[in-house]
Every structure is written in C-alpha cells, then in structure tokens.
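> Have a look; sequence and predicted model below, questions after that.
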Amino acid sequence: MPNLVPEKRVDRNGRAVTRHVLAPGTASKPLKQFPNIKPLTDLTKQVIEFQKLNFLIGVGTLDDLNQLYPVAGTIAHASEVCDDKETIRDLYRNVLHDENWVDTFAATCHFIAEAGGARDPEATQIAVQYAAKHYGTKDLLHADASTQQKVIELATVLKDSQFVNGVIGHGGSQQVNIKRQDFLNYLCSRIDSGTLRESMSAIKDLDGFLNFWDDEQEEPDVVANLDYIELVELMEYTRKHTSVKPESVLDVVSSHRFKAGEVRELVDSYEGFSALIEGTL
C-alpha cells in the first residue's frame, strides 16, 4: 500500500518488530455523513395536515392529491380561514389544468390564508399570478418580505371589495381582459406607492354599483365606455370635494352610458350637478 511506511515497535513480549503504518500527515477518508432527518413530531404534523385535505378527494385523481403532500399545511390553513371550504375546492378544480398547478395552488392558498379568506378563489389566483409578473418573480412564496406583503395587500383588497373582486374575477372579450390587466396594474401601482389603503373607502362605495361584469358581456356601450380606474378616481374625487352620496354619483355614471370621465368633469365644474350637491334632485 503506497501510504504505509515501516516502523519499529515493541510487541507484548518486549521484542522489536517492524510494523507498516500510515505515513505521518496522511488523512483518513472522512466518514460518510448521514442526512438530516426531520423530527418525528414534524412528520406527524405534516401527515395530520395532509389528512385535512380529504375534502379535495373526487376533484382530481389520487395522484394529484398525493402531489400536495409537501404543501399540505399551506392548503389546510387556507381552507380553515375561508368561511366555506368549497372556495379552496373550486380553486383546486380550476388550477389542475395548469402545467405548474401545484406551485400555483400553493401560492394562491398562501396569500388567501394571509389575507384572511377570499370571495372568489379564481380572482385571487389571477391577481397572485399577475403580481408575480409585476414584481418579476416566478416564486412568490420565496420572495422577499416586502414583496410578499404587497401581494397580501392585493389579496386583502379582493377579499374586502366586491367591486375589485368582480373586476378581477370577470373575463371575456379581449377588450375586457385588457381592462382587467390595466386595473391590476393600477392596483399594484397604488400598493407600491402606499396609497391604496387610503382609497379603500371610495372603492367600497362602488360595491353597490351594478352587476357590471354581466352587463359588459351584454352591453357593448359598457365595454366601450367604462374605465375602472377613472371610476375609482371619480369616487375618490367626489368624496374629497363634495357631500354627494355615492349612489347619486353612480346613477349619473349609468345615465351617461358609463362614461366616468364625463361625470368627473360635471363634478369638477358643478355644471348640471348642483341639484345633486344641494340635495334638490
């Protein structure tokens, strides 16, 4: 053996004998390290969380469900904060056709849980996926804390506002989808600038507007004229500069074929709007 050298040693009988030993400085081969093993308590908790996903059985295949084992805790938490587990079941059904559906499902469930629930899981999914593009990341679950907090705020706005949730959850023609994307960009921009929270009162004024996402499919004038961003800004402006009731403003928007910009000019100039402001109409 190349690393052995002869060395004189004394045996138990007191005789000098030659022994071949490792040369000085020769390092022995390091022992193979065993991998770290999760504590049994952690594994037990993960199994329990996975058992909570029984309500998803029957939507996808058993193999689909088994793929959720690593993210079972995230999904279980989301189902617990929602008033109805059917919300998460609907989301599961909706994402199964995606190529990376497990990641999509886990990320959406995470932000639903952090926001304290969801009105429409599909709308939240759309918003979360858009936020990933907006913030330039493919993995929001491992994004920095600041980015995650912004996405939580976006998910919370969808939960808190029927209007926002309805806009994001509604799809249809290319023109409608472009408007939805523009509105998502607007919301993210307001979050980035830290001004979305202060506009929530005005946004909630729009919750009792009209079932506009159905009307958009039926009325070409609505699609052509209604600008969601202008509508939010109209309600903010009206709140700041007048004492007009939100429903009165929205009635004028409807009567002007959903041209929010024209109504903003009326509010700004008070022309033709004084009766509303004085309460005599």
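Cool, got the structure.

> From now on I want contacts and neighbour counts done on CA atoms only, so please keep to that.
Fine.

> what's the neighbour count on residue 259?
By other CA atoms under 10 Å, 20 other residues sit near residue 259.

> same question but for residue 159, I mixed them up
Neighbours of residue 159 (other CA under 10 Å): 22.

> Show me the strands in the stretch 151-281 of the chain, by range?
Counting by DSSP state E, counting those that start in this stretch, the stretch 151-281 of the chain has no strands at all.

> Would you check that residue 164 makes contact with residue 157?
Yes: with contacts counted by CA atoms under 8 Å, residue 164 reaches residue 157, the gap being 7.1 Å.

> per-domain residue ranges of the chain.
Annotated domains of the chain cover 41-160, 195-281 [automatic domain parsing].

> Take those domains and write them to JSON lines, including mean pLDDT and distance to residue 173.
JSON lines is the format used below for those (pLDDT from 0 to 100; distance: least, CA to CA, whole Å):
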{"stretch": "domain 41-160", "mean pLDDT": "92", "distance to residue 173": "16"}
{"stretch": "domain 195-281", "mean pLDDT": "79", "distance to residue 173": "8"}
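
> ranking those by burial, who's on top?
domain 41-160 (a mean of 18; mean count of other CA atoms under 10 Å).

> what helix or strand does residue 7 sit in?
Assigned by DSSP states H and E, residue 7 belongs to strand 4-10.

> Can you list the strands that that strand pairs with?
Sheet pairing for strand 4-10, assigned by DSSP bridges, gives strand 16-22 (antiparallel).

> Quick check: mean pLDDT of the partner strand?
Strand 16-22 comes out with an average pLDDT of 69.

> which residues in the stretch 101-250 of the chain form helices?
Ranges of helices in the stretch 101-250 of the chain, per DSSP state H, counting those that start in this stretch, are 101-115, 121-134, 145-160, 162-169, 174-193, 200-204, 212-218, 220-225, 228-241, 246-255.

> how much distance is there from the longest one to the middle of the chain?
The gap between where helix 174-193 is centred and where its chain is centred comes out at 15 Å by CA atoms, centre = their mean, to the nearest Å.

> Ok, stretch 125-133 next?
Counting by CA atoms, centre = their mean, stretch 125-133 comes out at 6 Å from the chain centroid.

> now do stretch 138-151
With CA atoms, centre = their mean, you get 9 Å for stretch 138-151.

> Dump it to CSV, keeping only the CA atoms.
Provided in CSV are the C-alpha atoms of stretch 138-151 (Å, rounded to 0.1, in the frame of the first residue of the first chain):
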residue,chain,number,x,y,z
LYS,A,138,-41.6,33.2,-10.6
ASP,A,139,-41.7,32.1,-6.9
LEU,A,140,-43.7,34.5,-4.7
LEU,A,141,-43.6,32.0,-1.8
HIS,A,142,-39.8,32.7,-1.5
ALA,A,143,-39.9,36.4,-2.5
ASP,A,144,-38.6,39.0,0.0
ALA,A,145,-40.8,40.1,2.8
SER,A,146,-41.7,43.4,1.3
THR,A,147,-42.9,41.8,-2.0
GLN,A,148,-44.9,39.3,-0.1
GLN,A,149,-46.6,42.0,2.0
LYS,A,150,-47.6,43.8,-1.2
VAL,A,151,-49.2,40.7,-2.6
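
> What lies in contact with that stretch?
Contacts to stretch 138-151, defined as CA atoms under 8 Å, 6 or more residues apart in numbering, come from residues 107, 110, 111, 128, 131, 132, 135, 137, 188, 191, 192.

> Distance check, residue 116 against residue 268.
38 Å (CA to CA, to the nearest Å).

> Okay, residue 134 and residue 121: tell me how far apart.
The separation that residue 134 has from residue 121, given CA to CA, amounts to 20 Å.

> nearest spatial neighbour of the residue most central in space within the chain, skipping sequence neighbours?
The residue lying closest to the centre of the chain (CA atoms, centre = their mean) is residue 128, at 3.4 Å. Among residues not flanking residue 128 along the chain, residue 108 sits closest, at 6.4 Å (CA to CA, 6 or more residues apart in numbering).
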